[in-house]
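# Can you look at this prediction? I've put the sequence above it.
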Amino acid sequence: MTHLRGVKPALTRDRDPLTKAPPAPKYFTTYAKSEWKRVMPRLIEDRIITKADLGGIEDFCVARGHIREIEDLFRATGGPPDKVLFGMQNRAMQTARQLAAEYGLSPTSRARVQGQTEDEDDDNPLEVA
């Protein structure tokens, strides 16, 4: 298995971004819907999400929903966490963190998006085509 390491390419504003958030998918749990409603305004505002990206955002919201649901189960039992559930929650957290970075939902990736200026479409006389 090959791992690509090094500097991630800069996130760029898309040429055909969504301008309005679609409704949350009907199959979402309450927690996943809450996450969708929380992140979609930011993604729309940053102009980095298109229709093609919605599957990844759905995955992020589902993972965040699973994290919260498992946490509810831990609280309900009152005892030490179930090892299997803990593993599931840990994997969901890792997945959510990776997807958050992919879509500019982490502080570092958000800084990469915000660091770009609105004038980035202007022709650069020093740029070689």
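Perfect, I can see it now. Note that the structure is a prediction, hence the values are computed from the model and not measured. Numbers count the residues shown, from 1 in each chain.
# Can you tell me the element the residue nearest the centre of the chain falls in?
Of all residues in the chain, the one closest to the mean position by Cα atoms, centre = their mean is residue 100, 3.2 Å from it. Assigned by DSSP states H and E, residue 100 falls within helix 83-102.
# how big is the angle separating the helix or strand just after that helix from helix 83-102?
Sequence-wise, the next helix or strand downstream of helix 83-102 (DSSP H and E) is helix 107-114. Calculated by axes from the mean of the first three to the mean of the last three Cα atoms, to 10 degrees, helix 107-114 forms an angle of 20 degrees with helix 83-102.
# could you say what helices and strands helix 107-114 packs with?
Helix 107-114 makes packing contacts with helix 30-46, helix 83-102 when contacts are defined by 3 or more Cβ pairs under 8 Å, 6 or more residues apart in numbering; DSSP states H and E. Bear in mind the C-beta positions are built from the backbone N, C-alpha and C, glycine included.
# quick one, it and helix 30-46 angle?
Using the same axes, to 10 degrees: helix 107-114 against helix 30-46 is 30 degrees.
# Kindly export helix 107-114 (C-alpha atoms) in PDB.
The C-alpha trace of helix 107-114 is given here as PDB (Å, rounded to 0.1, in the frame of the first residue of the first chain):
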ATOM      1  CA  PRO A 107      -8.200  25.100  11.400                       C
ATOM      2  CA  THR A 108      -5.200  24.300   9.200                       C
ATOM      3  CA  SER A 109      -7.200  23.500   6.100                       C
ATOM      4  CA  ARG A 110      -9.500  26.500   6.700                       C
ATOM      5  CA  ALA A 111      -6.400  28.800   6.900                       C
ATOM      6  CA  ARG A 112      -5.400  27.500   3.400                       C
ATOM      7  CA  VAL A 113      -8.700  28.500   2.000                       C
ATOM      8  CA  GLN A 114      -8.900  31.900   3.700                       C
END
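# Brilliant, that's me finished.
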